[in-house]
Structure formats: C-alpha cells, structure tokens
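*Asks:* got a sequence here, can you model it:
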Amino acid sequence: MHAPSNKDLQQPPNVSPDIDITGAPEGDHTPDPVVTLAITRDDFQAAAAPNAAPESLKKFPTNKALIEAVNNLFLETYESFTGKARMTGSGEAKRLVIHFHTAEARDLCVGSSHPEFSDLIFHVHDPRQLRSNKDLWAIQVTDISFFIKKDNLMAYFKKFGNITSCRLFSRPNAKVQQARIVYDHADSIVRFTDQWAVYCFSTCLRITPCFYTVDQKAARRQYVATLTQLPPNVKDINLAPLTHDLGAKAVKVPLSLNSYKPKRWAYVTFNSQETMDAAMEQTVSFQGK
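*Replies:* Residues are numbered from 1 along each chain as shown. Predicted structure coming up:
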C-alpha cells in the first residue's frame with residue numbers, strides 16, 4: 001500500500017403560549033384584578049413516508065383507510081397518542097404525521113416495528129426545523145456508479161429517515177455520479193459525521209454532510225493510499241473487511257470507463273496521517289495473496 005500521486009486523487013467534486021386576558025368591565029371604578037391564563041400544549045410528532053411503503057398501501061390503499069388503521073392501533077398501543085394522524089404533502093414529500101403528548105411515547109413509536117404495516121417506518125418529525133437551513137439535514141453522496149439509479153438510492157437511504165428530495169446528477173465527462181439527499185430531520189444525518197461511507201450494490205459510496213465547511217469536506221479526501229496488485233474483478237464490498245481492519249473510512253476500486261470492469265487497484269481513505277501510516281507499514285493480503 002502506498003500514497004498515490006496528485007493525479008491519482010483527482011475526482012469529481014463533489015408560539016408563544018396562548019394567553020387569554022380578562023379585564024374589568026367598562027365603567028367599573030373598582031376593577032377586578034387582571035386574570036392571565038396561559039395554556040401550554042405538548043406536541044411531539046413523528047412522520048412516515050407512505051409512498052415508500054408499498055405493502056402498507058396494498059392493505060390500506062386510501063389516505064382515510066391508512067389514517068384510521070394507524071389511529072386505531074396506536075390508541076391501543078401508546079397511552080399518550082393523541083389519536084390525530086394526518087396526511088401532508090404529495091409525491092416523495094407526502095407524510096403521515098402522528099402526534100403524542102410525550103417525547104417518551106413518540107420515541108418508543110419511532111424505535112418500534114408494527115406488523116400491521118411493517119414497511120411504514122416512523123421517524124422524528126419537527127415542522128419548525130423544516131423552515132431552517134436545509135443543509136443541516138442534507139448529505140452529499142459521491143462515487144455513484146452509473147448503473148445505480150435514483151430509485152436505488154431512495155430505497156437504500158430511506159432507512160435513515162424520511163427523504164424530502166433526492167437529486168442525482170453528474171458533471172460533464174465524469175466517470176461517476178453524485179447526489180444530494182435531503183431529509184426532514186437533522187437526526188437522520190448525525191451518523192454521517194463519523195461514518196464516511198456506505199455500501200450500495202457492492203459499491204462504496206462516500207457521504208459528506210452538506211453543512212460541512214470547505215475545509216471539512218477536503219479533509220475527507222486528504223489521507224488516501226493506494227492498494228495495488230488486486231485480483232481481477234474485485235469490487236468495493238470485497239475489500240470491506242480488509243479496510244475495516246486497517247481502520248480505513250472508505251475504499252474505491254476505479255472502473256474502466258468503457259467496459260465498467262474493476263481495475264486492479266483501490267484507493268483507501270483514512271481519517272488521519274497516523275492511521276494511514278500505520279496501515280502502510282502492514283503487509284496485507286487479499287484472498288490469500
């Protein structure tokens with residue numbers, strides 16, 4: 001394993017409470033004290049994307065049927081469920097929103113599976129957050145091979161949260177694609193501050209939170225070594241155990257532009273100079289070679 005040249009590293013860029021005040025009647029020279037009544041309401045929300053749950057839609061094909069099913073089950077299951085499920089948005093942004101009186105019950109629901117609609121997955125939902133900077137809950141995904149389509153990405157990344165938009169694109173003459181995926185809650189991307197990549201269709205996809213600064217983004221490509229003399233047809237996923245043992249954060253076997261066959265070397269990314277140096281001092285083997 002050795003550090004590549006600069007040429008090797010060139011890659012595409014990637015309410016206030018309601019207050020009711022009652023004063024003294026007009027003309028009364030001895031008014032009663034002013035009475036202030038403050039009403040506070042606890043509203044903890046979760047939401048699911050019904051259009052990403054085809055099995056549930058087969059059982060409950062209309063909004064009304066699905067809402068009634070959720071209300072009936074959750075009223076029996078969660079003591080603080082309000083019984084007020086509602087549908088918002090349309091298309092990919094369509095959401096089934098449910099309300100709880102306590103955060104504990106909401107979190108229990110989010111962390112549970114429900115056999116009646118097993119593919120309807122609820123995530124924490126905060127409508128106030130939806131009005132803030134979208135970069136706070138968006139990720140950039142790079143190194144996406146052209147055989148991976150938008151539907152493939154949506155199907156994979158929905159397990160981390162409710163997706164509000166997914167834009168897949170490539171730059172002119174690029175060998176790979178990239179995507180911007182926006183969730184409806186910042187919690188959905190917290191894991192990617194430490195996890196730099198995922199494997200989708202045997203391909204290692206790099207992930208960077210969109211709120212990162214230019215320097216933070218550049219740091220994720222700063223420490224890269226080259227693993228050479230690989231056997232033919234090795235895919236990224238085949239190197240996952242090895243790179244894990246080396247403490248690496250990501251791996252990429254480049255593909256031939258014409259045939260799309262894997263080349264016989266890989267770029268291995270580390271999070272520090274020390275980790276990379278330690279890996280380069282090791283004698284590594286793959287498939288007994």
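*Asks:* can you list contacts of stretch 75-88?
*Replies:* With CB atoms under 8 Å, 6 or more residues apart in numbering as the test, stretch 75-88 has contacts from 50, 63, 66-67, 70-71, 74, 94-102, 104-105, 108-109, 114. C-beta here means a position set from N, CA and C on the backbone, and glycine is covered the same way.
*Asks:* tell me the buried residues in that stretch?
*Replies:* By 16 or more other CB atoms under 10 Å, the buried positions in stretch 75-88 come out as Tyr78, Ser80, Phe81, Thr82, Ala85.
*Asks:* most widely separated two among these?
*Replies:* In terms of CB to CB, the buried residues of stretch 75-88 reach their longest pairwise distance at Ser80 and Ala85, which sit 14.1 Å apart.
*Asks:* and the helices in the stretch 1-150 of the chain?
*Replies:* 54-59, 63-77, 103-110, 150-157 (DSSP state H, counting those that start in this stretch).
*Asks:* neighbours of His100, how many?
*Replies:* Actually, residue 100 is Phe. It isn't His. Neighbourhood size, Phe100 [other CB atoms under 10 Å]: 23.
*Asks:* Pro148 is in contact with Val176, isn't it?
*Replies:* Rather than Pro, residue 148 is Ile. No: using CB atoms under 8 Å, Ile148 makes no contact with Val176, being 9.4 Å away.
*Asks:* what do the two both touch?
*Replies:* Residues touching both Ile148 and Val176 by CB under 8 Å, 6+ apart: none at all.
*Asks:* quick check: Phe160 touching Asp187?
*Replies:* No: checked against CB under 8 Å, the pair Phe160 and Asp187 is beyond contact range at 9.2 Å.
*Asks:* higher neighbour count, these two?
*Replies:* Phe160 (19 against 16).
*Asks:* without its sequence neighbours, what residue ends up closest to the more buried one?
*Replies:* Counting by CB to CB, 6 or more residues apart in numbering, Phe160 lies nearest to Ser188, which is 5.0 Å off, once chain neighbours are set aside.
*Asks:* for the one you found, give me its contacts.
*Replies:* His123, Trp137, Phe160, Gly161, Asn162.
*Asks:* and the end-to-end length of stretch 216-236?
*Replies:* 24 Å (CA to CA, to the nearest Å).
*Asks:* got the domain boundaries for this structure?
*Replies:* Under automatic domain parsing, the residue ranges defining each domain of the chain are 44-125, 132-220, 222-289.
*Asks:* which stretches of the stretch 51-200 of the chain form strands?
*Replies:* 86-88, 95-100, 123-125, 138-144, 163-169, 177-183, 197-200 (DSSP state E, counting those that start in this stretch).
*Asks:* out of those, which comes closest to Lys58?
*Replies:* strand 95-100 (15.6 Å).
*Asks:* next, count neighbours for Ala65.
*Replies:* When neighbours are counted by other CB under 10 Å, Ala65 comes out with 12.
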